[in-house]
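Undergrad: Predicted model and sequence below, questions to follow.
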Amino acid sequence: MATRKLRILQVMRAPVGGLFRHVADLTRALAATGHEVGLVVDSLANDAQTESRLAALLPHASLGIHRFAMPRVLGGGDMVTPLAVRRLARSLDIDILHGHGAKGGFYARLARIGGGKAVALYTPHGGVLHFSKTSMSGRLFHKLERWLMAQTGAIIFESKYAQATYSALIGAPTCPTQVIHNGLTPDEFIPVPPAQDAADFVFVGELRDLKGIHVLIDALAGVTRPDGSPATLVMAGDGGARAALEAQIGQLGLTDRVSLLGAQPARPTFARGRVAVVPSLAESLPYIVLEAAAAQLPVISTRVGGIPEIYGPTAASLIPPNDAAALRVAMQSALDHPEETLIEMRTRLAYVSEHFSLEAMADGIEALYFSLLKAA
């Protein structure tokens, strides 16, 4: 445990999803070691779910939770909020400004302009890495990234994939970089056995095209159990593609085989299925793959982003993205060969247990904080 206690401001826009999960875990871990932590969040996203999540974090945020306008795309808040974050950092005597995601990263580093003692770090969490070099918004965000490099103490990548993608899109960083994988708590390695009436497959995630949900439904249509009956699927999540997904399910005659649960927490939902499916078209280092593996579910996933880093010795079983035929084969094989499926699950579990702990994640980030302050 470090003897010096830091004053840390975490800056983020996303109120839900893996980014929020990462910041929440990091906030709790840093607070548990005696550091004082504050949060800067978006004032424009204030639904009941967001407020309940922030309320649960408040006891660990001794420097408070501060709300400023953070528009999803470029907007008026982008001119005002960085100045407000800078004033806040100075008033709270902050040592570390840690921005998460594209907007959080911009605000934390823009707040450094004009001086101040705080060191700014940035974790992309995908974010700016999802913007194409050929799009207008992509070119703008990438140009901003290069411009802000001078204000960046270090960039933390949650996967080697994100590190390589950043260099390919934006250029090799001129500041220090480090790969620190996301981590799980010990409780998340407690197995979640399937319920007696569990479906064959379970999906947990946002209902949007990027998550490969339409590919999953196409693949399911041809999958059967060993006794010849049709395979079933439960899907937990919500999003803008829900209506199109429901239409697809109806058109393929799968209404009796697919249950849409709406947004649900991951671990309880794992009990609703026997095999987790993550058919994403793009990812960085998705928590859902880590969580399902730790809960001792077999996982079928695509070879995108940092998922091969999670799969480790079982990476050969990953399938191409946006390939319904390949996904169908993998799903059918999981049902036809349950013993082999369980052997692979146990191999993956051992690897994830060794390499993806919250303790290692928090210790690595804390050590980087201190090294940057020592060098400043």
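TA: Sure thing, it's come through.
Undergrad: where does the stretch 1-150 of the chain dip in pLDDT?
TA: Counting by pLDDT under 70, the stretch 1-150 of the chain has low-confidence residues at 1-3, 15-16, 45-48, 74-77, 127-132, 137.
Undergrad: Could you list every helix and strand in contact with the helix or strand that contains residue 143?
TA: Using DSSP states H and E, residue 143 maps to helix 136-148. When contacts are defined as 3 or more Cβ pairs under 8 Å, 6 or more residues apart in numbering; DSSP states H and E, helix 136-148 packs onto helix 101-110, helix 160-170. Heads up, the C-betas are built off the backbone N, CA and C, glycines and all.
Undergrad: got the buried residues for it?
TA: 138, 141, 142, 144, 145, 148 (16 or more other Cβ atoms under 10 Å).
Undergrad: between those, which is closest to residue 212?
TA: Nearest to residue 212 among those is residue 138, at 21.8 Å by Cβ to Cβ.
Undergrad: Now the helices and strands packed on helix 136-148 in CSV, please, with extra columns for distance to residue 252 and mean neighbour count.
TA: As requested, the helices and strands packed on helix 136-148 are exported to CSV (distance: least, Cβ to Cβ, whole Å; neighbours: other Cβ atoms under 10 Å):
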stretch, distance to residue 252, mean neighbour count
helix 101-110, 35, 26
helix 160-170, 33, 18
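Undergrad: Residue 239: which of those is closest?
TA: Going by Cβ to Cβ, the one of the helices and strands packed on helix 136-148 nearest residue 239 is helix 101-110, 17.7 Å.
Undergrad: now that closest one against helix 136-148, angle please.
TA: 30 degrees (axes from the mean of the first three to the mean of the last three Cα atoms, to 10 degrees).
Undergrad: now could you export just the CA positions of helix 101-110 as PDB?
TA: Taking Å, rounded to 0.1, in the frame of the first residue of the first chain, the C-alpha atoms of helix 101-110 are listed here in PDB:
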ATOM      1  CA  GLY A 101     -13.400   7.400 -23.300                       C
ATOM      2  CA  ALA A 102     -13.200  10.000 -26.100                       C
ATOM      3  CA  LYS A 103     -15.000  12.800 -24.300                       C
ATOM      4  CA  GLY A 104     -13.500  12.200 -20.800                       C
ATOM      5  CA  GLY A 105     -10.100  12.000 -22.300                       C
ATOM      6  CA  PHE A 106     -10.600  15.300 -24.200                       C
ATOM      7  CA  TYR A 107     -11.900  17.200 -21.100                       C
ATOM      8  CA  ALA A 108      -9.200  15.900 -18.700                       C
ATOM      9  CA  ARG A 109      -6.400  16.900 -21.100                       C
ATOM     10  CA  LEU A 110      -8.000  20.200 -22.200                       C
END
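Undergrad: Centre of the chain to it, how far?
TA: How far helix 101-110 lies from its chain's middle: 17 Å, per Cα atoms, centre = their mean, to the nearest Å.
Undergrad: Next: stretch 163-174.
TA: That offset, for stretch 163-174, works out to 20 Å (Cα atoms, centre = their mean).
Undergrad: Over to stretch 318-331?
TA: The mean C-alpha position of stretch 318-331 is separated from the chain mean by 22 Å, Cα atoms, centre = their mean.
Undergrad: Pull the residues that contact that stretch.
TA: For stretch 318-331, contacts defined as Cβ atoms under 8 Å, 6 or more residues apart in numbering pick out 200-201, 212, 215-216, 218-220, 222-223, 231, 275, 277, 279-282, 300-304, 307-308, 311, 317.
Undergrad: what's near enough to touch residue 103?
TA: Counting by Cβ under 8 Å, 6+ apart, residue 103 has contacts 12, 13, 42, 70, 72, 78, 127.
Undergrad: The fifth one reaches residue 13, doesn't it?
TA: When you say that, I think you mean residue 72. Yes - with contact defined as Cβ atoms under 8 Å, residue 72 counts as touching residue 13 (7.5 Å).
Undergrad: Give the residue from the two that has the larger number of neighbours.
TA: The residue with more neighbours, out of residue 72 and residue 13, is residue 13; 28 against 12, by other Cβ atoms under 10 Å.
Undergrad: who's residue 65 bridged to?
TA: Beta-bridge pairing for residue 65 (DSSP bridges): residue 39.
Undergrad: related to what we said a few turns ago, can you redo the buried residues of helix 136-148 as a markdown table with distance to residue 195?
TA: Formatted as a markdown table, these follow (distance: Cβ to Cβ, whole Å):
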| residue | distance to residue 195 |
| --- | --- |
| 138 | 44 |
| 141 | 44 |
| 142 | 46 |
| 144 | 48 |
| 145 | 46 |
| 148 | 48 |
